[in-house]
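Chemist: test case, fold it:
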Amino acid sequence: MKLVVGASAGGHANELQILLRNARGLWPAEPAAYITTMAIAASGFDAGNRPVHVIGECDRRKPLQAVGVLGRTLWLAFKERPDVVVTTGSMPLALFCIWSKLLGAKVVWIDSVAQIEALSVSGRLMRRVADLCLAQWPAVAARYPGVEYAGEVL
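Modeler: Model (predicted):
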């Protein structure tokens with residue numbers, strides 16, 4: 001099984017790094033590659049000799065940046081061909097997850113702990129795409145069909 005994990009820079013990356021550290025040895029496979037949105041976040045992953053890909057930032061207010069990220073995530077999904085993607089999110093990672101899903105991967109989306117009242121925009125999209133969509137607050141999970149609560153990362 002080829003596992004690829006990813007998160008955008010900042011809090012998303014911190015959550016994923018905590019999850020990776022605390023669940024070490026419990027994963028069915030070690031991550032084969034890591035994905036993040038900014039080079040500054042890449043150094044935070046204990047990747048060993050595995051690649052850390054930087055795909056860039058984008059959001060719905062930056063359509064030109066989104067086009068670049070769309071292309072990079074498509075190329076990366078073809079290059080890595082993951083069996084499973086686990087991410088703590090952001091729109092660039094959602095794009096990678098969608099491409100990977102179209103290529104046959106299973107997707108686990110963990111919405112940010114900062115989303116205390118509702119899923120993020122990306123989370124609302126990914127709850128329809130992901131094989132497992134998790135909210136980190138029970139009340140948030142209860143608001144959306146197909147979203148589960150399994151605890152908090154932090």
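Chemist: all helices for this structure, in order.
Modeler: 11-22, 39-42, 63-80, 91-102, 121-126, 138-143 (DSSP state H).
Chemist: so which of those is nearest Gly48?
Modeler: helix 11-22 (11.8 Å; Cβ to Cβ). C-beta: built from backbone N, CA, C; applies to glycine.
Chemist: which elements pack onto that closest one?
Modeler: Contacts defined by 3 or more Cβ pairs under 8 Å, 6 or more residues apart in numbering; DSSP states H and E place helix 11-22 against strand 3-6, strand 106-110.
Chemist: one more pass at 6 Å, please.
Modeler: When contacts are defined as 3 or more Cβ pairs under 6 Å, 6 or more residues apart in numbering; DSSP states H and E, helix 11-22 sits against none of the other helices and strands.
Chemist: ok, and the closest non-adjacent residue to the residue nearest the centre of the chain?
Modeler: Nearest to the mean C-alpha position of the chain, counting by Cα atoms, centre = their mean, stands Thr87 at 2.1 Å. Spatial nearest neighbour of Thr87, chain neighbours left out: Leu93 (4.4 Å); criterion: Cβ to Cβ, 6 or more residues apart in numbering.
Chemist: what's the most buried one of the helices of the chain?
Modeler: helix 91-102 (a mean of 23; mean count of other Cβ atoms under 10 Å).
Chemist: what's the angle from that helix to helix 63-80?
Modeler: 40 degrees (axes from the mean of the first three to the mean of the last three Cα atoms, to 10 degrees).
Chemist: read off the pLDDT value for the spatially closest residue to Ala77 that is not a sequence neighbour.
Modeler: Setting aside the residues directly before and after it, Ala77 is nearest to Trp99 in space (Cβ to Cβ, 6+ apart), at 3.6 Å. On pLDDT, Trp99 comes in at 98.
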